[in-house]
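In: Provided below are the primary sequence and the corresponding predicted coordinates.
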Amino acid sequence: MVDRVADPWGARTPYRQGGCWPDRVDVQLADGLSPRDVDRWVQSASVLHSNGDAMDIAVKDGRIAGVRGRAVDRVNHGRLDPKDLYGWQANNSPDRLTRPLVREHGRLVPTDWDTAMGRIVQRSKQLLDDPGGWGRFGFYTSGQLFLEEYYALAVIGKAGLGTPHMDGNTRLCTATAAAALKASFGTDGQPGSYTDVDHCDAIALWGHNVAETQTVLWTRMLDRRHGAEPPAMLAVDPRTTPVAREADLHLAVRAGTNLALLNGLLREIIRRGWYDERYVAAHTVGFDDLAAVVDAYPPDRVAAVCDVPAGDIERAAELLGTSRRLLSTVLQGFYQSNQATAAACQVNNLHLLRGMIGRRGAGLYQMNGQPTAQNTRETGADGDLPGLRNWDNPAHIRELARLWNVDEMTIPHWAPPTHAMQIWRYAEQGSIELLWISATNPAVSLPDLARVRRILGRDELFVVVQDLFLTETAELADVVLPSATWGEKLGTFTNADRTVHLSEKAVDPPGAARADLDIFLDYARRMDFRDRDGGPLIEWTGPQEVFEAWKRCSAGRPCDYTGITYERLRGGSGIQWPCTDDAPDGTERLYTDGVFNTDPDYCETYGHDLSTGAEFTADEYRAREPAGRAFLHAAGYQPSPEVPGEEYPMLLTTGRSVYHFHTRTKTGRTPELAAAAPEPWVELNPADADRLGIADGDPVQVSSPRGTIRVPARVGGIRPGVVFVPFHYGYFDIDPGKRTPRAANELTATAWDPVSKQPIFKVTAVRVAPLEPGE
Ligand SMILES: Nc1nc2c(c(=O)[nH]1)N[C@H]1C(S)=C(S)[C@@H](COP(=O)(O)OP(=O)(O)OC[C@H]3O[C@@H](n4cnc5c(=O)[nH]c(N)nc54)[C@H](O)[C@@H]3O)O[C@H]1N2
Ligand SMILES: Nc1nc2c(c(=O)[nH]1)N[C@H]1C(S)=C(S)[C@@H](COP(=O)(O)OP(=O)(O)OC[C@H]3O[C@@H](n4cnc5c(=O)[nH]c(N)nc54)[C@H](O)[C@@H]3O)O[C@H]1N2
Ligand SMILES: [Mo]
């Protein structure tokens with residue numbers, strides 16, 4: 001065993017282009033435990049990022065005691081991320097919630113399940129007694145539950161209650177990935193496969209610090225870089241991340257200017273003739289418009305907007321334009337930045353223009369972040385309709401009504417589903433009166449936390465929180481439901497390259513904690529939801545039955561699971577959807593024939609205007625006659641809603657460290673990871689630090705119009721004018737006794753992308769000042 005805090009990526013196992021990535025099995029066991037002493041190894045996969053690294057959980061005396069990578073799996077060939085190697089210890093944490101809690105006279109007190117569920121059901125029935133009562137329910141779920149749990153929740157919300165107010169924290173995470181995939185290709189679903197890393201000759205990382213956020217995918221890229229015929233690498237990030245340091249070319253763009261950069265790059269690619277005219281003519285719509293829009297972005301203009309040298313833009317265009325197998329990944333540096341969907345679509349355009357899609361090495365990822373975000377989207381727990389169906393297509397509604405045996409009018413489809421930011425707005429204004437939060441910690445992860453605390457604290461709002469720990473959010477709830485988690489429940493989930501894994505139950509949850517699926521099914525039973533014939537709407541009792549029902553719902557849709565069974569997922573590798581009778585081993589790449597999911601009867605959306613978010617109608621969509629061709633969408637650059645000014649002269653961007661997962665409920669309870677990054681910090685460019693009189697380690701104050709935080713300075717690692725704060729640290733440090741304003745989201749604004757509705761966490765105007773001694 002090696003110290004993977006000191007070296008997050010482990011030893012290189014180089015390989016050549018077209019070769020097979022060698023196995024390397026990573027293992028971590030509890031102190032003093034040897035592999036011989038392990039009672040059982042139980043199959044699972046990672047839930048601390050979207051990579052889907054397969055692993056076995058070691059069980060000793062009924063407790064989780066370690067993990068081991070699965071060499072047979074197509075995703076990780078045995079490797080594990082540092083968070084996975086150490087993070088399982090949080091399952092055994094002594095402060096896990098073991099009993100439900102209810103609020104009595106202002107305080108949360110322990111109770112039993114009957115009392116806790118009874119309160120939720122009583123409140124629910126009260127609301128349903130009033131006409132339109134279904135509109136008073138809001139559900140805010142996660143990208144971290146299992147597929148079966150989301151599907152059960154989606155059916156409860158859409159066929160049981162009939163509320164349109166359901167979304168996931170996937171709105172903060174990969175709403176833009178979904179929006180960009182739908183906009184360009186007709187439906188959600190990643191075109192590429194991780195094996196594209198084995199074949200590519202250039203890798204472009206668009207606002208994706210993959211080295212810290214998907215360490216195993218990064219080791220695959222690094223191993224190619226260390227083998228024969230290594231791929232070239234381009235990084236676009238305002239910070240000097242490990243990715244930027246490895247790359248052949250790093251464009252340290254000013255935060256919020258991605259679209260200008262991409263427009264400039266596409267202009268060069270078109271002007272230099274580096275695009276595939278035949279592919280564009282046969283498989284795309286919109287070339288002339290795109291060419292006209294990007295023509296206004298010559299290198300000098302882009303250099304001025306993005307603040308990178310014009311020569312570097314030309315070099316980047318050449319790297320992209322002359323590669324023969326280009327792999328791109330896009331993540332939060334685009335999705336949470338200005339003009340998110342428009343910018344992400346330009347990466348799709350790059351691949352379409354160059355015909356770099358649907359063949360080996362020409363991979364494109366509108367990357368996921370959370371381990372199960374793909375499932376939130378597929379099952380409709382994010383508000384979309386299950387099976388990547390289109391809310392605006394009556395035939396799709398009819399299919400679901402038939403499947404669930406409910407009236408079409410029960411299924412909300414008279415307007416787009418309510419997105420999370422709007423759900424919070426309704427909760428603030430009072431039209432949502434019951435907000436059920438599962439597996440997410442919005443009191444740390446949403447923007448403008450002072451506002452979020454105000455909303456959760458409203459007396460009129462009944463808040464249910466389903467979690468493992470008494471989080472910043474849970475302590476503001478009316479009812480807290482203690483959940484089982486990974487390793488303590490059975491289910492499936494799907495990673496960023498469509499690989500479906502099974503996660504078995506290794507141990508029992510602590511105390512009275514229950515699997516999220518059991519909680520949702522218990523609620524359905526107590527609410528006694530009925531179908532149109534008066535029979536029970538939901539009769540499932542366990543995950544496998546829900547999975548079988550989900551397979552029927554997915555049949556014929558892009559995410560077709562009909563060929564997958566729990567049994568087939570046991571023992572070997574995960575399987576990529578679609579998996580059907582015709583493709584019994586799954587499907588490695590989508591769109592290999594250049595036919596996209598844009599047919600009006602099949603597509604997931606009729607589309608939006610990328611600049612304003614205005615929705616197109618079915619007729620407008622049909623008039624564009626996509627006929628299986630992909631859309632080349634164009635948009636002009638506009639500055640972000642917050643730009644630096646006199647009072648707030650710098651730009652704050654936020655994000656992740658390799659050692660922590662999100663709000664640290666698990667990694668903060670893991671000794672090795674907590675010690676590796678015990679407190680937040682702010683990264684500053686040396687020239688900015690000098691000018692402000694700040695030295696490395698000095699305490700500083702960062703302020704925005706919403707709030708102020710006090711954190712130590714780290715000088716270096718970032719471009720001038722931009723500062724970075726990790727968003728992992730909430731306003732208390734695991735121990736609720738110790739409270740300090742130090743969360744990045746005290747500063748961020750309630751603002752979102754017009755198309756994906758994803759919040760703009762990466763561009764906030766701030767002021768930075770040294771703290772005087774004693775302050
Ligand atoms: N260690 C760790 N790994 C994780 C997670 C975690 O919490 N910790 N979370 C998982 C989840 S849910 C997600 S969504 C992913 C996120 O994975 P990433 O997207 O890789 O992570 P971030 O740090 O949020 O953002 C990536 C980069 O965007 C850059 N950036 C900021 N503003 C801009 C901009 O305007 N333009 C450009 N081009 N870049 C910009 C930041 O400097 C940052 O380095 O990670 C997953 N993996
Ligand atoms: N400023 C800023 N803000 C951000 C981001 C950023 O880059 N910058 N990134 C955004 C992104 S991409 C994301 S994904 C979000 C993440 O934000 P959150 O979802 O709020 O973060 P987590 O800490 O992962 O919260 C998950 C919660 O679910 C609990 N949990 C874990 N497993 C289970 C389970 O099986 N069942 C139940 N019931 N509970 C469980 C955990 O204890 C934890 O409290 O943050 C977003 N916010
Ligand atoms: Mo995320």
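Out: That came through fine. Ligands and ions are numbered 1, 2, ... in the order given.

In: can we go C-alpha only for contacts and neighbour counts from here?
Out: Fine.

In: okay, now whatever residue of the stretch 101-250 of the chain ends up closest to ligand 3: neighbour count?
Out: The nearest approach of the stretch 101-250 of the chain to ligand 3 comes at residue 173, 3.7 Å away (Cα to the ion). By other Cα atoms under 10 Å, 22 other residues sit near residue 173.

In: Tell me if I'm right that it and residue 760 touch.
Out: No. Counting by Cα atoms under 8 Å, residue 173 sits too far from residue 760 to count as a contact (10.7 Å).

In: Need the overlap of contacts for these two.
Out: With contacts defined as Cα atoms under 8 Å, 6 or more residues apart in numbering, the residues shared by residue 173 and residue 760 are 335-336.

In: Once you drop chain neighbours, what's closest to the residue of the stretch 51-200 of the chain found nearest ligand 1?
Out: Nearest to ligand 1, among the residues of the stretch 51-200 of the chain, is residue 173, at 4.8 Å (Cα to the nearest ligand atom). Spatial nearest neighbour of residue 173, excluding adjacent residues (Cα to Cα, 6 or more residues apart in numbering): residue 369 at 6.3 Å.

In: which parts of the helix or strand where residue 351 lies are buried?
Out: Here residue 351, judged by DSSP states H and E, is contained in helix 340-353. Using 16 or more other Cα atoms under 10 Å as the test for burial, helix 340-353 gives 340-353.

In: Could you export those residues as CSV, including distance to ligand 3 and pLDDT?
Out: Shown next, in CSV, are the buried residues of helix 340-353 (distance: Cα to the ion, whole Å; pLDDT from 0 to 100):
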residue, distance to ligand 3, pLDDT
340, 14, 98
341, 16, 98
342, 19, 98
343, 18, 98
344, 16, 98
345, 19, 98
346, 21, 98
347, 19, 98
348, 20, 98
349, 24, 98
350, 24, 98
351, 24, 98
352, 26, 98
353, 29, 98
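
In: what would those residues look like in TSV with distance to ligand 1?
Out: Formatted as TSV, these follow (distance: Cα to the nearest ligand atom, whole Å):
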residue	distance to ligand 1
340	9
341	13
342	13
343	10
344	10
345	14
346	13
347	12
348	15
349	17
350	16
351	18
352	20
353	21
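
In: and which of those is nearest residue 650?
Out: Set against residue 650, the nearest of the buried residues of helix 340-353 by Cα to Cα is residue 340 (20.6 Å).

In: and the gap between the closest one and ligand 2?
Out: Distance from residue 340 to ligand 2, counting by Cα to the nearest ligand atom, to the nearest Å: 13 Å.

In: near ligand 3, which residues of the stretch 151-300 of the chain show up?
Out: Contacts of the stretch 151-300 of the chain with ligand 3, taken as Cα under 5 Å from the ion, map to residue 173.

In: try 8 Å
Out: Taking Cα under 8 Å from the ion as the contact definition, the stretch 151-300 of the chain meets ligand 3 at 169-170, 172-174.

In: so can I have a markdown table of the residues you listed showing pLDDT?
Out: What follows is those, written out as a markdown table (pLDDT from 0 to 100):
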| residue | pLDDT |
| --- | --- |
| 169 | 98 |
| 170 | 98 |
| 172 | 98 |
| 173 | 97 |
| 174 | 96 |
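
In: List the ones among these that fall in strands.
Out: Using DSSP state E to define strands, no part of those is located there.

In: Need those residues in JSON lines (columns: distance to ligand 2).
Out: Formatted as JSON lines, those follow (distance: Cα to the nearest ligand atom, whole Å):
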{"residue": "169", "distance to ligand 2": "6"}
{"residue": "170", "distance to ligand 2": "6"}
{"residue": "172", "distance to ligand 2": "5"}
{"residue": "173", "distance to ligand 2": "3"}
{"residue": "174", "distance to ligand 2": "7"}
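
In: show me the contacts for the residue of the stretch 101-250 of the chain closest to ligand 3.
Out: Residue 173 touches 332, 335-336, 368-370, 758, counting by Cα under 8 Å, 6+ apart.

In: among the residues you listed, who's most crowded?
Out: residue 335 (35 neighbours).

In: Secondary structure element for the residue nearest to that residue when sequence neighbours are not counted, which one?
Out: Closest residue to residue 335 apart from its sequence neighbours, by Cα to Cα, 6+ apart: residue 176 at 5.4 Å. Of the helices and strands defined by DSSP H and E, residue 176 is found in helix 175-185.

In: Between the contacts of residue 173, which sits nearest residue 48?
Out: Residue 48 has its nearest neighbour among the contacts of residue 173 in residue 370, at 7.1 Å by Cα to Cα.
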